[in-house]
Each structure stands twice: as C-alpha cells, then as structure tokens.
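Visitor: One predicted model, sequence on top.
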Amino acid sequence: MADWRLFIAVELPEAARQVLAAVGRELAESRADVKWSRPDAMHLTLKFLGDTPESEVPNLSAALDEAAGASRACVARLGQVGAFPDVRRPRVIWVGLDEPTGELAALQKRIEQATAYLSAPDRRGWTAHLTLGRTRSGRHVQRLAELLQGYRLASAVDVPVRKVVLIRSVLSRAGPTYTPLHRAAIG
C-alpha cells in the first residue's frame, strides 16, 4: 500500500471562510508576492502527519474517535491577524483563534498523544491559527508588513469545534485537494 499525506483538522463554517476571504483580499492589495489560501480549503490544522501508510487509516480513525470522545466541544473565535516569524518579516500570514476555556488546546494535545506512534510533536509547539497565505518572495513585503501591523478584523466570527476530521491531501500545480477520510465527534 502507498503512503498518503494526512492531517487532522477542524472544518470551518461558511461565515468564517467568508471573513477570511475578505481579509485575504484586503491584504492582497499590498501586491506582495503571496500564495493565498483558497477559502474553500481553509481549516484549523490540529496535527500534520505527513506521509503515512494508507493501512494506518483505520488505526488513526479509532485513535481520533478516542481522543475526540474524551474532549469537550467548544467555540473558538477568529482573533488577531499576524505572521510567522513576525509581522515585520512575514513568511506565513495567519488569523489566530481565541478559545478561552482551554478545551481546544486540550483537544490538540490529546490528538498529539494519540498520533505520537506515527509522528513526533512539532518542536515549535502548536498555536491555533488559520493560514491565509505564504510569501514567495520579498516583492512588496514591506507594504504587506505595514498592513499587517495595524490590521483588525471587522467582525467577530465563531468557529464551533464539535468534530475533528482526518484528511488526505493530494498536492498538484492547481493547489491541494483535500478528501475527508473520517470524522470524529467531540464529547
């Protein structure tokens, strides 16, 4: 059997996708050389597994069911707009998620533990964020940095966290294609 490129995520409601698309359009006015994420493909990644044997999908699904079942549903809210490594040198442009109860972070930790046999934890740690785009060159990046420094979302949007999804990603020149393989209910 072949290896599949897999990750575990929370799918976003349409209202959040619309707000993220609007933010992307506004930041694109900088004319920076950025590969913007497609709104229909945006999600909250809880764990990137990478190349994983296809035969592991049933085991991963069972592990996800257990991790999600031991968690509590929560509601996150779209938060600040920022960049990695920072807004003065943006490489990855993102919108953060605020979830004050700690349930989202606890869910991610359970998933990290449940998948540790396949993939080591990210040494940088996990930050709840939605990737808007990635810079491809330094063209107009200073203008983008200026827009990012004072950027505020026009409206607050909730992101209910009630399910996690195991997703297969197939990369192509047109961008990634995502196929949900398993959904696990939280709680």
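Guide: Yes, it's here.

Visitor: Could you use CA atoms for every contact and neighbour count after this?
Guide: Will do.

Visitor: Could you pull up the residues touching L130?
Guide: Shown in contact with L130 (CA atoms under 8 Å, 6 or more residues apart in numbering): M42, H43, L44, T45, W94, V95, G96, L97.

Visitor: in which helix or strand would I find it?
Guide: strand 129-135 (DSSP states H and E).

Visitor: Pull up the pairing partners for that strand, direction included.
Guide: Each strand paired with strand 129-135, and its direction, by DSSP bridges: strand 34-36 (antiparallel), strand 89-98 (antiparallel).

Visitor: C-alpha coordinates for that strand, CSV please?
Guide: Provided in CSV are the C-alpha atoms of strand 129-135 (Å, rounded to 0.1, in the frame of the first residue of the first chain):
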residue,chain,number,x,y,z
HIS,A,129,-4.2,29.7,13.7
LEU,A,130,-5.6,29.7,10.1
THR,A,131,-3.1,30.2,7.3
LEU,A,132,-4.1,32.9,4.9
GLY,A,133,-1.1,32.7,2.7
ARG,A,134,2.7,32.3,2.4
THR,A,135,5.1,34.8,0.9
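
Visitor: ok, and for that strand, which residues are buried?
Guide: H129, L130, T131, L132, G133, R134, T135 (16 or more other CA atoms under 10 Å).

Visitor: Please produce JSON lines containing those, extended by pLDDT.
Guide: Below are the buried residues of strand 129-135 laid out as JSON lines (pLDDT from 0 to 100):
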{"residue": "H129", "pLDDT": "95"}
{"residue": "L130", "pLDDT": "96"}
{"residue": "T131", "pLDDT": "95"}
{"residue": "L132", "pLDDT": "96"}
{"residue": "G133", "pLDDT": "95"}
{"residue": "R134", "pLDDT": "95"}
{"residue": "T135", "pLDDT": "95"}
